[in-house]
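[1] A structural model of the following input is requested.
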Amino acid sequence: MSPAVETTCIKQSLTIGSCRSLRSLGRSAYGYAPHTQVVRHKMKQVIILIFMWAPGFSWACSCVETSDETAYANSKSVMLVKITDTKLVPSKEKGEVVQAKFNVIETFKGTTGELELLQSTVEWTCSTALISGHKYLIYSNGEKTKKISACTKSRWINETREAELLEKYRSKK
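    Prediction:
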């Protein structure tokens, strides 16, 4: 008998004789047949795969994809803003939201109108982080509070990476 089996038998308080008789029956010191352990392992793998591919249950963000041109055409105003202040506030609809105050850096279309706050949810997979000091491209339709998510084209913007888009919008003024 191998030292590992002997150690297992001792831990299980089995005599060497009863441990040998378990082995001769094709069972481990834990009472399971070796093939049962393999079957249990395979069942766990199958259950995990079922949950991974279960239809109708997903945490991924799914949005209707629109182009920047379409968002520009459908918006009353388009502007580049810099977040100056953020705060976490309770919301009746979605737990907590981040509200941000901002300064308008540049207006590409329309006017800022009544837009006073930007808002993003905290507990939603499609939420967009609103961070003080960062610049955002905002597509607005005259609302007082603009709700921003991954499903809207309003977003954080890297001016270097998106310089071409900003130049295109500047030329449309």
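[2] State the distance from the residue lying closest to residue 79 once chain neighbours are set aside to residue 44.
    Leaving aside its chain neighbours, residue 79 sits nearest to residue 107 (4.7 Å; criterion: CB to CB, 6 or more residues apart in numbering). Bear in mind the C-beta positions are built from the backbone N, C-alpha and C, glycine included. Remark: distance between residue 107 and residue 44 (CB to CB, to the nearest Å) = 57 Å.
[3] now do residue 165
    48 Å.
[4] out of the two, which sits in the busier spot?
    residue 165 (16 against 10; other CB atoms under 10 Å).
[5] From the contact counts, what lies against the helix or strand that that one is a member of?
    Per DSSP states H and E, residue 165 falls inside helix 163-171. In this structure, helix 163-171 packs against strand 95-109, with contacts taken as 3 or more CB pairs under 8 Å, 6 or more residues apart in numbering; DSSP states H and E.
[6] Tell me the strands beside the strand it packs on, with direction?
    When pairs are called by DSSP bridges, strand 95-109 turns out to pair with strand 77-91 (antiparallel), strand 117-121 (antiparallel).
[7] Give me the buried positions along it.
    97-100, 102, 107-109 (16 or more other CB atoms under 10 Å).
[8] do stretch 120-135 as well
    So stretch 120-135, judged by 16+ other CB under 10 Å, has buried residues 120-121, 124, 127-128, 130, 134-135.
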